[in-house]
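A.B. asks: coords please:
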Amino acid sequence: MAFLKTLKVVLGHPLNQGQPLKALGRYFKWQLGSRLVAGPIVHEWMNGTKFIVGPRETGLVETLYTGLLEFEDMAFFLHYIDEDDLFIEVGSNVGTYTLLCCGVKGARGYAFEPVPRTYGRFWENVRLNHLEARVKGLNLCVGEKPGSLFFTTGENVTNHVQTKGEAGKSIKVKVATLDSILRKENPTALKIDVEGFEIPVLRGAKLTLRKP
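C.D. replies: Got it, this is the predicted structure:
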């Protein structure tokens with residue numbers, strides 16, 4: 001079933017319309033290559049950017065299949081952001097949108113990722129693309145007020161703030177507000193993907209959101 005679901009995503013993607021054989025070629029090339037090569041590989045993406053991808057990194061694997069996995073959202077940022085802008089990614093995971101806005105489009109960026117292992121992969125991608133001077137990465141959670149929260153660690157791209165009584169592996173992470181970190185900045189766009197924790201993020205960004 002997972003196989004059929006993935007093929008539906010690949011063949012139905014706007015960038016794969018009219019070229020099903022190429023799309024299937026990318027799919028089967030990865031399926032074969034990921035079994036023959038131990039560990040992650042470097043994938044050439046767009047406009048000279050690259051990312052590191054391993055077999056279990058679902059979002060990146062599907063980006064490899066499609067070019068722009070979240071087509072409408074990614075296309076929006078490609079048209080909207082330019083090199084004079086400041087892009088903020090809350091819940092960056094391994095940094096796909098940061099690579100898009102800061103690597104492809106040349107903007108400055110802040111990225112927030114609370115899971116240390118994922119944050120480490122984020123920085124590998126930043127260094128791979130020589131973006132250290134343009135991107136500030138922070139290994140913390142963004143919320144309504146400073147403090148700490150427990151965060152899941154074993155759910156790949158859907159790790160999230162752990163709710164009371166929720167089972168599963170977790171770690172304690174530091175929490176800060178966007179207002180405290182961005183008080184001297186004037187962002188052009190905030191991209192927030194925090195698995196249901198969006199309201200606390202926005203409550204901690206009231207001053208930021210009032211800026212022009």
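A.B. asks: mind listing the helices for this protein?
C.D. replies: For the chain, helices defined by DSSP state H occupy the ranges 2-12, 20-36, 58-66, 71-80, 96-98, 116-128, 178-181, 198-203, 206-210.
A.B. asks: which parts of the longest one are buried?
C.D. replies: Judged by neighbour count (16 or more other Cβ atoms under 10 Å), helix 20-36 contains these buried residues: 23, 27, 30, 34. (C-beta placed from N, C-alpha, C; glycine too.)
A.B. asks: count the neighbours of G196 for me.
C.D. replies: 10 (other Cβ atoms under 10 Å).
A.B. asks: nearest spatial neighbour of it, skipping sequence neighbours?
C.D. replies: H160 (6.5 Å; Cβ to Cβ, 6 or more residues apart in numbering).
A.B. asks: would you mind measuring from the one you found to G59?
C.D. replies: In this view, H160 and G59 are 15 Å apart by Cβ to Cβ, to the nearest Å.
A.B. asks: so how far is L4 from the residue nearest to G196?
C.D. replies: Distance from H160 to L4, by Cβ to Cβ: 27 Å.
A.B. asks: same question, L99
C.D. replies: 30 Å.
A.B. asks: with neighbour numbers in mind, choose between the two.
C.D. replies: Between L99 and L4, L99 has the larger neighbour count (other Cβ under 10 Å), namely 28 against 8.
A.B. asks: list the contacts for that one?
C.D. replies: Each residue near L99 by Cβ atoms under 8 Å, 6 or more residues apart in numbering is listed here: 45, 49, 51, 125, 129, 131.
A.B. asks: check V201 too.
C.D. replies: 90, 142-144, 178, 192, 194.
A.B. asks: and among the helices of the chain, the most buried is which?
C.D. replies: Highest mean neighbour count among those (mean count of other Cβ atoms under 10 Å): helix 96-98, with a mean of 25.
A.B. asks: just checking, what packs against that one?
C.D. replies: Judged by 3 or more Cβ pairs under 8 Å, 6 or more residues apart in numbering; DSSP states H and E, helix 96-98 is in contact with helix 58-66, strand 86-90, helix 116-128.
A.B. asks: could those be laid out in TSV, adding distance to G204 and mean pLDDT?
C.D. replies: As requested, the helices and strands packed on helix 96-98 are exported to TSV (distance: least, Cβ to Cβ, whole Å; pLDDT from 0 to 100):
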stretch	distance to G204	mean pLDDT
helix 58-66	25	91
strand 86-90	10	98
helix 116-128	20	95
